[in-house]
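Novice: quick one: sequence and predicted model below, then my questions.
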Amino acid sequence: MDDILKKYLPDRAVSACLELIQNSGVHLKIVNERVTRHGDYRRMPDGKHQITVNANLNKYRFLITLVHEIAHLVAFEKYGRRIKPHGLEWKHTFQRLMLPFIRPEVFPSKLLPLLAKHFRNPKASSSTDAQLSVALKSFDTQHSDKSYVFELPLGSIFRLYNGKLYKKGKRRVKRYECFEVATGKMYLFQPNAEVELIKC
């Protein structure tokens, strides 16, 4: 397991992550990319715990995702199954488990202030934190041909992973109004949503 984790995690995070995995008794599966999620946790029918994490994530996003999913298990074990998946109990657990990793030996210095800010009140997904998400993406080894919604000119037509076409509208406080071309229905998009530009 040690050798496998070295491939996916920052060097200085491997032993602590291995300890987390062993202490929580979870089975880790590294899987092919899923567009809608970086990872997930589930309790299997036999009562065992399984975490899956996408293999294509860069080392820093892999680490955050792994600890995020372990925090689900630890929070459920401590507070019971009736808590909200991303409620206060999970947030406090995630903060506590992540804290030892938020240091310059593990993360590049440009990520540290963004991580410190994010973990004051962690979200259900690091992807909803636009600043952190864009900064993490800069460490991807495979650069995609996708664009962020915030980069597109007003009125651009873009395609989402589900194949539907949208037209970019104006920005609200944090998100952008975008209109589905086929129906005219308005949806709010995160600025860092990754989309395929069709026409400016």
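Specialist: Yes, it's here.

Novice: what's the longest helix seen in the chain packed up against?
Specialist: For the chain, the helix with the greatest residue count under DSSP state H is helix 59-79. The contact analysis (3 or more Cβ pairs under 8 Å, 6 or more residues apart in numbering; DSSP states H and E) places helix 59-79 against helix 14-24, strand 26-31, strand 39-43, strand 49-54, helix 88-98, helix 130-137. In short, each C-beta sits where N, CA and C put it, glycine included.

Novice: just these: most buried one?
Specialist: Mean neighbour counts were compared across the helices and strands packed on helix 59-79 using mean count of other Cβ atoms under 10 Å; the top stretch is strand 49-54, at a mean of 20.

Novice: need the contact partners of that strand.
Specialist: Strand 49-54 is contacted by residues 8, 24-34, 37-44, 62, 65-66, 69-70, 73 when judged by Cβ atoms under 8 Å, 6 or more residues apart in numbering.

Novice: so how far is that strand from its chain's centroid?
Specialist: Put simply, strand 49-54 sits 13 Å off its chain's centre (Cα atoms, centre = their mean, to the nearest Å).

Novice: could you tell me the angle between that strand and strand 39-43?
Specialist: 170 degrees (axes from the mean of the first three to the mean of the last three Cα atoms, to 10 degrees).

Novice: pLDDT-wise, which helix or strand of the protein ranks last?
Specialist: Lowest mean confidence among the helices and strands of the chain (mean pLDDT, DSSP states H and E): strand 147-148, at a mean of 84.

Novice: how near is residue 97 to residue 1?
Specialist: To residue 1, residue 97 is 18 Å away according to Cβ to Cβ, to the nearest Å.

Novice: nope, residue 29 is what I meant
Specialist: Residue 29 is 12 Å from residue 1, where distance means Cβ to Cβ.

Novice: now do residue 198
Specialist: For residue 198, the distance to residue 1 (Cβ to Cβ) stands at 44 Å.

Novice: please apply the same query to residue 75.
Specialist: Distance from residue 75 to residue 1, by Cβ to Cβ: 23 Å.

Novice: do I have it right that residue 69 meets residue 40?
Specialist: Yes: at 6.5 Å, residue 69 counts as touching residue 40 under the criterion of Cβ atoms under 8 Å.

Novice: before we move on, back to that, possible to save the helices and strands packed on helix 59-79 as a markdown table with distance to residue 81?
Specialist: Formatted as a markdown table, the helices and strands packed on helix 59-79 follow (distance: least, Cβ to Cβ, whole Å):
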| stretch | distance to residue 81 |
| --- | --- |
| helix 14-24 | 16 |
| strand 26-31 | 16 |
| strand 39-43 | 8 |
| strand 49-54 | 12 |
| helix 88-98 | 11 |
| helix 130-137 | 29 |
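
Novice: any idea how the protein splits into domains?
Specialist: Domains of the chain are assigned by automatic domain parsing as 2-137, 147-199.

Novice: average pLDDT across the longest one?
Specialist: Taken as a whole, domain 2-137 carries a mean pLDDT of 92.

Novice: start to end distance for it?
Specialist: End-to-end distance for domain 2-137, by Cα to Cα, to the nearest Å: 25 Å.
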